[in-house]
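> Provide a 3D model corresponding to the input given below.
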Amino acid sequence: MKPILIINLGGTICMCPSESGLIPDSHILPDFLAKHHQDFNFVYKEPFELIDSSQANNVYWYQCAQYIMEHHNDYRGIIITHGTDTMAYFASSLRFYLASISLPIIITGSQLPLSHKDNDAI
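Next up is the predicted model:
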């Protein structure tokens, strides 16, 4: 069976505290998945620089859609982590960019980072 593709784009879900506030951390999500979901058949990718979703725009979302178009045949579904600030806009744009794909795509995020003890990310 084909694996599920997990694309981490950033957002609060994968952030950690720093001296200047929360910043994206490329280790948080893969470390969590490796620790808690070893039996889950997935491929983890960070095809772009992790960002706060307030920095996302239509060019960024188009690049994400292009990446999905190029790779979707290798997977049975896609999970995308995205920040909540602009997630609705991203989901709407993907609906149009990926209209020809009949693959389940889930976009998720959180209000608190996965690294936070009382998070809603799990």
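> same for the lengthiest helix in the chain, what does it pack against?
Looking across the chain with DSSP state H, the single longest helix is helix 58-71. For helix 58-71, the helices and strands in contact under the criterion 3 or more Cβ pairs under 8 Å, 6 or more residues apart in numbering; DSSP states H and E are strand 4-8, helix 87-97. (C-beta placed from N, C-alpha, C; glycine too.)
> Report the distance from the shortest one to the chain centre.
Put plainly, it is strand 4-8. Using Cα atoms, centre = their mean, to the nearest Å, the mean C-alpha position of strand 4-8 is found 7 Å from that of the whole chain.
> what pairs with it, and is each one parallel or antiparallel?
In the sheet, strand 4-8 lines up against strand 42-45 (parallel), strand 77-81 (parallel) (DSSP bridges).
> contact partners of the shortest one?
The one in question is strand 42-45. 3-8, 29-30, 33, 74-75, 79 (Cβ atoms under 8 Å, 6 or more residues apart in numbering).
> Ile23 versus the most centrally placed residue in the chain, what's the distance?
Centrality entry for the chain: nearest residue to the mean C-alpha point is Thr81, 2.1 Å, by Cα atoms, centre = their mean. Plainly put, Thr81 is 15 Å away from Ile23 if you go by Cβ to Cβ, to the nearest Å.
> Count the neighbours of Ile106 for me.
Look at Ile106: counted by other Cβ atoms under 10 Å, it has 12 neighbours.
> which helices and strands does the helix or strand harbouring it pack with?
Following DSSP states H and E, one finds Ile106 within strand 105-108. Here strand 105-108 touches strand 77-81, helix 87-97, going by 3+ Cβ pairs under 8 Å, 6+ apart.
> Pick the most deeply packed of those.
strand 77-81 (a mean of 20; mean count of other Cβ atoms under 10 Å).
> Thr100 - that's part of a helix, no?
Actually, residue 100 is Ser. It isn't Thr. No - Ser100 is assigned coil when assessed by DSSP: H, G, I helix; E, B strand; the rest coil, not a helix.
> For it, report the pLDDT, please.
Here the pLDDT value assigned to Ser100 is 93.
> What is the neighbour count of it?
Ser100: 7 surrounding residues under other Cβ under 10 Å.
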